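*Asks:* Predicted model and sequence below, questions to follow.
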Amino acid sequence: MDSRNRWRSDGGRVMLLATILTASILTTAIHYTHNYIEVRHYPQSSFLPIGYDGTRLLLAPAWVALTTTGALGFWLYLRGTIWAAWACLAMYSFTGISSLIHFIDGSPHISSFWYATIFTDALAGFAVLGFVYVGVTRPARHSRDSLVR
């Protein structure tokens, strides 16, 4: 099978999704951890005035809950439960896309590396959402056996 057809196959889609999710989990883990530790360097929300401690209380459980939702989406995709997988993966994409919220109330006062993680989070989130969009608009034939091979 040539490389063009490989990426159109179910196995190619599984590999692509696994790669996107791995990148997303890594970048968001790095960024969310830094945001938790250095919360005072990030602008505080004007629409959710919960302060630094409130932000910390939300960060860790939000990342765990959203990442668990993404992992569930991947598992459902492997099982062939496609529409539930799409819903979970679309929700998970918010983990990365939401990092852009930092810019609503100013600009974080952080080094270039940490600043870049905001954009890698967003890029990964949009990649997950793009995967869902393509999957919904151009469905592959899913069979449980072909997905797990």
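*Replies:* Good, I have the coordinates.

*Asks:* rest of the way, CA atoms for contacts and neighbours
*Replies:* Fine.

*Asks:* can you pull the contacts of Ala60?
*Replies:* Residues in contact with Ala60 (C-alpha atoms under 8 Å, 6 or more residues apart in numbering) are Tyr32, Tyr36.

*Asks:* for it, phi and psi?
*Replies:* The phi and psi values for Ala60, taken as degrees, to the nearest 10, are phi -60, psi -50.

*Asks:* any low-confidence regions in the chain?
*Replies:* For the chain, residues meeting the criterion pLDDT under 70 lie at 1-9, 141-149.

*Asks:* could you pull out the helices for it?
*Replies:* 3-8, 10-37, 51-79, 82-97, 112-137, 144-148 (DSSP state H).

*Asks:* Quick check: Cys88 vs Arg56, distance?
*Replies:* Cys88 sits 24 Å away from Arg56, going by C-alpha to C-alpha, to the nearest Å.

*Asks:* didn't Phe74 look like it was pressed against Ala85?
*Replies:* Yes: with contacts counted by C-alpha atoms under 8 Å, Phe74 reaches Ala85, the gap being 6.5 Å.

*Asks:* So Thr67 sits against Thr95, correct?
*Replies:* Yes: applying C-alpha under 8 Å, one finds Thr67 in contact with Thr95, separated by 7.5 Å.

*Asks:* Thank you, goodbye.
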